[in-house]
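Participant: Kindly return the folded structure for what I paste below:
(2 chains)
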Amino acid sequence: MSRNPTTAAGDSAGGPEPRISRRSILEARGLHRSFGQTPALRGADLAVGTGEIVAVMGPSGSGKSTLLHCLAGIYTPDEGEVWFDGRRIDSLSDGRRTELRRSAFGFVFQFGQLIPELTVADNIAMPLLLDRVRRKEAYQRAATWLERLGMPELAARRTGELSGGQAQRVAIARALAPQPKLLFADEPTGSLDSLTSEKVMDLLVSVARAEGATVVLVTHDARVAACAERTVMVRDGQVSALTEFEMAR
Amino acid sequence: MSVPLTLLGLLDRAPSHGYDLKRDYDAFFGRDKPLPFGQVYATLGRLARDGKVTAGASEPGDGPDRKRYTITENGHAELATWLSQPAEPEPHLQPVLFAKVVLALMLDRDAARYLDAQRGSHLRRMRELTELRRGGGTMDVLLADYGMYHLEADLRWIDATEARLGALKEMVSST
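Facilitator: Coordinates of the predicted model:
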């Protein structure tokens, strides 16, 4: 990026907090995106600091998932720019964006999107193999992640046989095994009960922090958003921070 | 939180001194708001007056009160009744939030912005409780859960109210 944008924890939900300026690793500037005649984003701006965990909330249809897909280079915006780590990514070719997603981004979705016919170890090793990591090392790293998540006994289990909570933990391991700079999570606990959801979120936050990964988390669940350091709202395709407001004004 | 009934509950385990009752009360129920000694002894005095506890003779030792308190049959019966009845499912913040929204609309102020500020405050408190849960023991987790679920209910109400601000504004303006 030509300038050095920063983001501050001080505009987080609830207002005044210690202002910790961080260099933005991800920035959206004036994003517009429509599907047919229906606008999903209408000038969305967002800056995410390095190592920050940001929750994106908003009503159904507000554009929050579209925003995440644009930030991740899955969609390209009709207008506006997306910058990642000092590099404009919305104007990259499909191939370059795919390469970027594989090398620098991790993804966790509501339904883990694991490959059910493959084992847990296969699923975690898969992105490493696609990134040309040698087979032996890829499986060693998968085993290390399974140890770390306290589920080494599941290595040979097919993911189609896992519970929802187990599958999401495997999805987190698969997303973070390649050591991405950015983790995108779209309703990662949307299909889980509340206790399992808490365990999955505790895990996601702790391992993301340990790995130094930045997290952009889309959720409609306030308890999930409370695991983040900052919450922004998407309404009518625009992003707003939650700030203090004095009624006397 | 009913202090007299809670002290009766602690006494129903075994006879106890005021100091020990305060210590147990603070450990289980008074983490955010410890019970002052004065309130402990005043409450025990009223319970004794009403025949719900008996106070033993003063025992030798330091401290303002070395009496051992024992729950009576009356006290036990009242405690049993209280424990068997559900608490009034009263709304907590809703009357305050509702009043602010309605007044904001009446006074042509930005009610949506107020709701957003309230949403922000709630989320900030939920983040604090989430941190408490992470580092705490089972009691911390359960206490934080209680707060989280209530805040979450408020947030749902805030979302629903925000979606209906237009209709509420029409109603407020027409009266």
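Participant: hey, which helix or strand in the chain has the poorest pLDDT?
Facilitator: Unless you meant another one, I'm taking chain A. Using mean pLDDT, DSSP states H and E, strand A:6-8 stands out as the lowest-scoring helix or strand of chain A, at a mean of 46.
Participant: Let me rephrase: I mean chain B.
Facilitator: Lowest by mean pLDDT, DSSP H and E among the helices and strands of chain B is helix B:94-106, with a mean of 79.
Participant: Indicate whether that one makes contact with chain A.
Facilitator: Yes. Looking at helix B:94-106 against chain A by C-beta under 8 Å from any C-beta of the partner chain, the contacts come from B:100, B:104. C-beta here means a position set from N, CA and C on the backbone, and glycine is covered the same way.
Participant: CA-only coordinates of that helix, as CSV, when you get a sec.
Facilitator: Backbone C-alpha positions of helix B:94-106 (Å, rounded to 0.1, in the frame of the first residue of the first chain) are rendered in CSV as follows:
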residue,chain,number,x,y,z
GLN,B,94,-35.7,-4.0,28.8
PRO,B,95,-37.7,-1.3,30.5
VAL,B,96,-34.7,1.1,30.5
LEU,B,97,-33.8,0.4,26.9
PHE,B,98,-37.4,0.6,25.7
ALA,B,99,-37.9,3.9,27.5
LYS,B,100,-34.7,5.3,25.9
VAL,B,101,-35.7,4.2,22.4
VAL,B,102,-39.3,5.6,22.7
LEU,B,103,-38.0,8.9,24.1
ALA,B,104,-35.4,9.2,21.4
LEU,B,105,-38.1,8.7,18.8
MET,B,106,-40.4,11.2,20.5
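Participant: Toward the C-terminus, what is the element adjacent to that helix?
Facilitator: helix B:111-135 (DSSP states H and E).
Participant: mind listing what's buried in the helix or strand just after that following helix?
Facilitator: Heading C-terminal from helix B:111-135, the first helix or strand you meet, by DSSP H and E, is helix B:138-163. Across helix B:138-163, burial judged by 16 or more other C-beta atoms under 10 Å in any protein chain shown covers B:141, B:143-145, B:147-148, B:151-152, B:154-155, B:157-159, B:161-162.
Participant: same deal with stretch A:89-105?
Facilitator: When burial is assessed from 16+ other C-beta under 10 Å, stretch A:89-105 yields the following buried residues: A:89-90, A:92, A:97, A:100-101, A:104-105.
Participant: Could you tell me how far the helix ranked longest in chain A lies from the centre of the chain?
Facilitator: Counting by DSSP state H, the longest helix found in chain A is helix A:194-211. Here the centre of helix A:194-211 is set off from its chain's centre by 13 Å, with C-alpha atoms, centre = their mean, to the nearest Å.
Participant: how much does that helix deviate in direction from helix B:111-135?
Facilitator: Using axes from the mean of the first three to the mean of the last three C-alpha atoms, to 10 degrees, the inter-axis angle of helix A:194-211 relative to helix B:111-135 is 80 degrees.
Participant: Is helix A:194-211 positioned near chain B?
Facilitator: Yes. Residues of helix A:194-211 contacting chain B under C-beta under 8 Å from any C-beta: A:198, A:202.
Participant: got the CA positions of that helix in CSV?
Facilitator: The C-alpha trace of helix A:194-211 is given here as CSV (Å, rounded to 0.1, in the frame of the first residue of the first chain):
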residue,chain,number,x,y,z
SER,A,194,-23.7,-23.7,22.3
LEU,A,195,-21.2,-25.7,24.4
THR,A,196,-19.5,-27.2,21.4
SER,A,197,-19.5,-23.8,19.8
GLU,A,198,-17.6,-22.3,22.8
LYS,A,199,-15.0,-25.1,22.7
VAL,A,200,-14.5,-24.6,19.0
MET,A,201,-14.2,-20.8,19.3
ASP,A,202,-11.8,-21.1,22.3
LEU,A,203,-9.7,-23.4,20.1
LEU,A,204,-9.9,-21.2,17.1
VAL,A,205,-8.9,-18.0,19.0
SER,A,206,-6.1,-19.7,21.0
VAL,A,207,-4.4,-21.4,18.1
ALA,A,208,-4.8,-18.3,15.8
ARG,A,209,-3.1,-16.2,18.5
ALA,A,210,-0.4,-18.7,19.0
GLU,A,211,0.2,-18.8,15.3
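Participant: Surely residue B:123 and residue A:231 touch.
Facilitator: Yes. With contact defined as C-beta atoms under 8 Å, residue B:123 reaches residue A:231; the gap is 5.3 Å.
Participant: quick revisit: show me what the longest helix of chain A is packed against.
Facilitator: Applying 3 or more C-beta pairs under 8 Å, 6 or more residues apart in numbering or on different chains; DSSP states H and E, one finds that helix A:194-211 makes contact with strand A:53-57, helix A:164-176, strand A:182-186, strand A:214-218, helix A:222-225.
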